[in-house]
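prediction below, plus the sequence it came from.
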Amino acid sequence: MTNAAARFERAKTVAFEINAHLPPDYQAELLGEQLRVDRDRLVLVVGGAGYIGSVLCGDLLAKGYRVRNLDLVVYNNGVCVAPWLGHPNYQFMGGDLADEATFVKALDGVTDVVLLAGLVGDPVTKNFPDAAARINDEGHSAMLRLLAGKGLNRVVFVSTCSNYGLIQGDQLADEDFELSPLSLYAKSKVRVEQTLLGGRGKVDYTPVVLRFATAFGLSPRMRFDLTVSEFTRAMALGEDLLVFDAHTWRPYCHVRDFAELIRRAIEAPAERVAFEVFNAGRDVNNKTKQMIVDAILTQLPEAKVRYQEHGSDPRNYRVDFTKVKERLHFVPKWTVEDGVAELIDALKQGLYRDIAQPTSFHGNWEPQV
Ligand SMILES: NC(=O)c1ccc[n+]([C@@H]2O[C@H](COP(=O)([O-])OP(=O)(O)OC[C@H]3O[C@@H](n4cnc5c(N)ncnc54)[C@H](O)[C@@H]3O)[C@@H](O)[C@H]2O)c1
């Protein structure tokens, strides 16, 4: 088969086989996009050993992509990379995104970049502000500078719905809603978003910003510091769970759905995503903490929960996911209730025997930075 014929076959696979569940006219657009890129795709995933990244790498490999993962494994999470070592389409680079020489090397030959790495979450950035500034601000600025002029196709930046901060009343935040980042973590995300979106006419790649809901679901690198898993773990272990501000809203989304969306953002026709922001999640997964507790209680009715007002995290936001549904046909499959059931089952099967005293492998508490 000639190179052109092989490329056409590969493009067809992506457009029609991998995405068989999407509408036919959208698949036809995907085929056009695959042919436009004109190279076998090598996706650089920065942070591919993390909670979301390790699921994403598996998904991309399964769909036939070549993957290079740059990760500093700051939570001693190197084991999450192990299943893919030796896979012909996978390369792991242990290194710091903030080291320019390392990042230049990581970019060599890649077609697309997904930026997932950094110190993730309000607590870890509050507790390690110097490292957060070095990685989430300076490191990201340097990466963005180095991305231009490399002939890249897509740059997907994973941001957060935390950027909406504290919303009064029951308004839904769409992508144009005023940003009100409360933490160092979210402030850095907003700065990176602004730099990327301000690059129109100056950069030769197509940037896309995905504002993720809070993640749940099983991953090789679990995070028991995130609400759904944190509550489920404590209640399943019979601990006395103290829930602050049970009425506060937030959106949630399964890690497997996030992996699907990132791939969708890479494959989508450029005109659908260029310099666009997408809230990533599903309306039905906008939940109060009380709703999450109730979902867990239906499966663990004996669990003990206490409530208290005026906790240290005032975030309250409900998010509108119309745009990602309409433009990318993305509707997450998994509900919070599914995620709770999945995790309770994993705990019952003894998958997390050491979770009574979790270490930083299981949550973003003490990064080695
Ligand atoms: N998990 C969520 O609920 C959530 C919600 C919204 C947005 N996000 C975003 O999704 C992305 C991934 O989140 P996650 O939950 O998988 O986080 P994570 O902490 O599990 O993963 C981050 C990864 O980045 C790596 N890393 C940290 N510093 C690095 C450095 N200097 N160089 C190279 N690698 C480094 C870590 O080793 C880790 O593997 C983040 O950008 C986060 O802001 C996550």
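Perfect, I can see it now.

going forward, measure contacts and count neighbours with C-alpha atoms only.
OK.

would you mind writing the CA trace of the helix or strand where residue 6 lies as PDB?
Using DSSP states H and E, residue 6 sits in helix 3-12. The C-alpha coordinates for helix 3-12 follow below in PDB (Å, rounded to 0.1, in the frame of the first residue of the first chain):
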ATOM      1  CA  ASN A   3       1.800   6.000   2.000                       C
ATOM      2  CA  ALA A   4      -1.200   8.000   0.800                       C
ATOM      3  CA  ALA A   5      -3.400   4.900   0.700                       C
ATOM      4  CA  ALA A   6      -2.300   3.800   4.100                       C
ATOM      5  CA  ARG A   7      -3.000   7.300   5.500                       C
ATOM      6  CA  PHE A   8      -6.400   7.300   3.900                       C
ATOM      7  CA  GLU A   9      -7.200   3.900   5.500                       C
ATOM      8  CA  ARG A  10      -6.000   5.100   8.900                       C
ATOM      9  CA  ALA A  11      -8.100   8.300   8.600                       C
ATOM     10  CA  LYS A  12     -11.100   6.300   7.700                       C
END
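
buried stuff in the helix or strand following that helix?
As assigned by DSSP H and E, the chain's next helix or strand after helix 3-12 is helix 24-37. Across helix 24-37, burial judged by 16 or more other CA atoms under 10 Å covers 26-27, 30-35.

with stretch 320-335 instead?
320-325, 328-332, 334-335.

so can I have CSV of those showing distance to the ligand and secondary structure?
Formatted as CSV, those follow (distance: CA to the nearest ligand atom, whole Å; DSSP: H, G, I helix; E, B strand; the rest coil):
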residue, distance to the ligand, secondary structure
320, 15, coil
321, 14, coil
322, 18, helix
323, 17, helix
324, 15, helix
325, 18, helix
328, 19, helix
329, 20, coil
330, 17, coil
331, 17, coil
332, 15, coil
334, 15, coil
335, 15, coil
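
for those residues, could you give me TSV that also reports distance to residue 207?
Formatted as TSV, these follow (distance: CA to CA, whole Å):
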residue	distance to residue 207
320	21
321	19
322	20
323	17
324	15
325	19
328	15
329	19
330	18
331	21
332	22
334	27
335	29
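
that older thread, in a markdown table: the buried residues of helix 24-37, plus pLDDT.
Converted to a markdown table, the buried residues of helix 24-37 look like this (pLDDT from 0 to 100):
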| residue | pLDDT |
| --- | --- |
| 26 | 96 |
| 27 | 96 |
| 30 | 95 |
| 31 | 95 |
| 32 | 94 |
| 33 | 94 |
| 34 | 93 |
| 35 | 93 |
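
circling back to that earlier point, which strands and helices sit next to the helix holding residue 6?
When contacts are defined as 3 or more CA pairs under 8 Å, 6 or more residues apart in numbering; DSSP states H and E, helix 3-12 sits against helix 24-37.

just the CA atoms of the helix it packs on, as CSV, please.
The C-alpha trace of helix 24-37 is given here as CSV (Å, rounded to 0.1, in the frame of the first residue of the first chain):
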residue,chain,number,x,y,z
PRO,A,24,-22.6,10.4,9.9
ASP,A,25,-22.2,14.0,8.8
TYR,A,26,-19.8,14.6,11.8
GLN,A,27,-17.8,11.5,10.9
ALA,A,28,-17.4,12.9,7.3
GLU,A,29,-16.0,16.0,8.9
LEU,A,30,-13.6,13.9,11.0
LEU,A,31,-12.3,12.2,7.9
GLY,A,32,-11.5,15.6,6.3
GLU,A,33,-9.6,16.6,9.5
GLN,A,34,-7.6,13.3,9.7
LEU,A,35,-6.6,13.8,6.1
ARG,A,36,-5.7,17.4,6.6
VAL,A,37,-3.2,16.6,9.4
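
name the next helix or strand downstream of it, please.
strand 42-46.

list the contacts of that following strand.
By CA atoms under 8 Å, 6 or more residues apart in numbering, the list of residues contacting strand 42-46 from outside reads 53, 57, 65-71, 97, 106-107, 109-117.

what of stretch 185-192?
So stretch 185-192 is contacted by 119-122, 125-126, 132, 136-137, 140-141, 159-160, 162-163, 181 (CA under 8 Å, 6+ apart).

let me know the angle separating the helix holding residue 6 from helix 24-37.
Put simply, helix 3-12 runs at 140 degrees to helix 24-37, going by axes from the mean of the first three to the mean of the last three CA atoms, to 10 degrees.

any buried residues in helix 3-12, and which?
7, 10-12.
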